[in-house]
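Undergrad: Need the 3D shape of this:
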Amino acid sequence: MKTVNIPDIPSVKVKDREGLYHKDIFTEKDGTKHLTFHHALMEKGGHGQLHSHPHSEHVLMVTEGSLEVRNDKESHALTPGMAILIMPTEEHEIINSFDGRTVYYVIYGPPR
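TA: Next up, the predicted model:
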């Protein structure tokens, strides 16, 4: 078993994403074979860009603030305690729709 203290993990700015920072909690570097798990913080006004993950299922779970997850067909507002499943090849973009920072967890399976 392996434990981590998430506050001790350094945040890394995600390139090509406005105001988005990740902390890798568990990745292939830790020996995972079936998932990647990370903590994300998106600053007020932060956003991603339309993209997909061709080989990974993708789960987002909001713990603070709110996110809009959308594509050209649908849009979902996520608030604390809500999660969304995004299937491989499904395009999506993420926008911080909260008047402050938004904190959420992300799981990819298999790892990306």
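Undergrad: now the strands for the chain?
TA: Along the chain, the segments classed as strands by DSSP state E run 12-13, 18-26, 36-47, 57-64, 67-70, 75-78, 83-86, 93-96, 102-109.
Undergrad: Distance from the first one to the middle of the chain?
TA: So that's strand 12-13. With CA atoms, centre = their mean, to the nearest Å as the basis, strand 12-13 stands 13 Å off its chain's centre.
Undergrad: Which neighbouring elements make contact with that strand?
TA: Applying 3 or more CB pairs under 8 Å, 6 or more residues apart in numbering; DSSP states H and E, we find strand 12-13 packed against strand 18-26. For the C-beta atoms, the positions are set from N, CA and C on the backbone; glycine is no exception.
Undergrad: what helices or strands is the strand it packs on leaning on?
TA: If contacts are counted by 3+ CB pairs under 8 Å, 6+ apart, strand 18-26 sits against strand 12-13, strand 36-47.
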